[in-house]
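J.: can't give you the sequence, but here's the structure:
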């Protein structure tokens, strides 16, 4: 979380890649009536904001506090996210101008999609930087960051599974340089 995956994906987009953002898809999925109804049945009306919309932060706080609730939420949302991602992959694969398809998917390994990828890139970032970024984005505090990461496979395991590791402890120019290097190598290997 807050390592810079979306920033890396945006850098790949600048190079002609199509990006599939699982978080954006998930946000749209929450607006579907059937999904909203199932979530409200499972989590109650306490997750609604003053306008009657699902408060994503309240929902996340409840889900990440209990593995069964997180599993319930994932079982409701993930099938729609994965189906939409599949649909977008099919669309993008038919577009000649698309150089590659990038899946910006936080739980890519956990949902079994690693095997669907030609290459895996892990974005590494020191814990204090991730925490600072998470706070600035209003995502969570230190204890919440740890709780959320406990529901994922370890960062070390993700790094070992990756074909490439991008170190995101510096500025955007260094990050961009690493993305260009990886992209150039991947395009050259085709």
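T.: Received the coordinates, thanks. Since this is a predicted model, take the numbers as computed values, not measurements.

J.: use CA for all of it now, contacts and neighbours both
T.: Noted.

J.: Residue 19 in helix, strand or coil?
T.: State at residue 19, reduced to three classes by DSSP: H, G, I helix; E, B strand; the rest coil: strand.

J.: Do me a favour and average the pLDDT over the helix or strand where residue 91 lies.
T.: Residue 91 belongs to helix 67-93 when assigned by DSSP states H and E. The pLDDT scores in helix 67-93 average 95.

J.: and that helix, what does it pack onto?
T.: Judged by 3 or more CA pairs under 8 Å, 6 or more residues apart in numbering; DSSP states H and E, the packing partners of helix 67-93 are strand 18-21, helix 22-29, helix 33-43, helix 56-63, strand 101-104.

J.: Contacts only, for the spatially closest residue to residue 23 that is not a sequence neighbour.
T.: The shortest distance from residue 23 to any non-neighbouring residue, by CA to CA, 6 or more residues apart in numbering, is to residue 105 (7.2 Å). With contact taken as CA atoms under 8 Å, 6 or more residues apart in numbering, residue 105 is in contact with 20, 21, 22, 23.

J.: can you list these in CSV and add pLDDT and neighbour count?
T.: Output for the contacts of residue 105, formatted as CSV (pLDDT from 0 to 100; neighbours: other CA atoms under 10 Å):
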residue, pLDDT, neighbour count
20, 97, 20
21, 96, 18
22, 94, 20
23, 92, 14
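
J.: Dump these to a markdown table, plus distance to residue 4.
T.: Shown next, in a markdown table, are the contacts of residue 105 (distance: CA to CA, whole Å):
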| residue | distance to residue 4 |
| --- | --- |
| 20 | 15 |
| 21 | 13 |
| 22 | 14 |
| 23 | 13 |
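
J.: farthest pair in those?
T.: 20 and 23 (9.0 Å; CA to CA).

J.: Report the set of residues contacting both of these two.
T.: 104, 105.

J.: okay, now residue 182: neighbour count?
T.: The number of residues packed near residue 182 is 18, by other CA atoms under 10 Å.

J.: Does residue 131 touch residue 125 like I think?
T.: No: contact between residue 131 and residue 125 fails when scored by CA atoms under 8 Å: they sit 9.9 Å apart.
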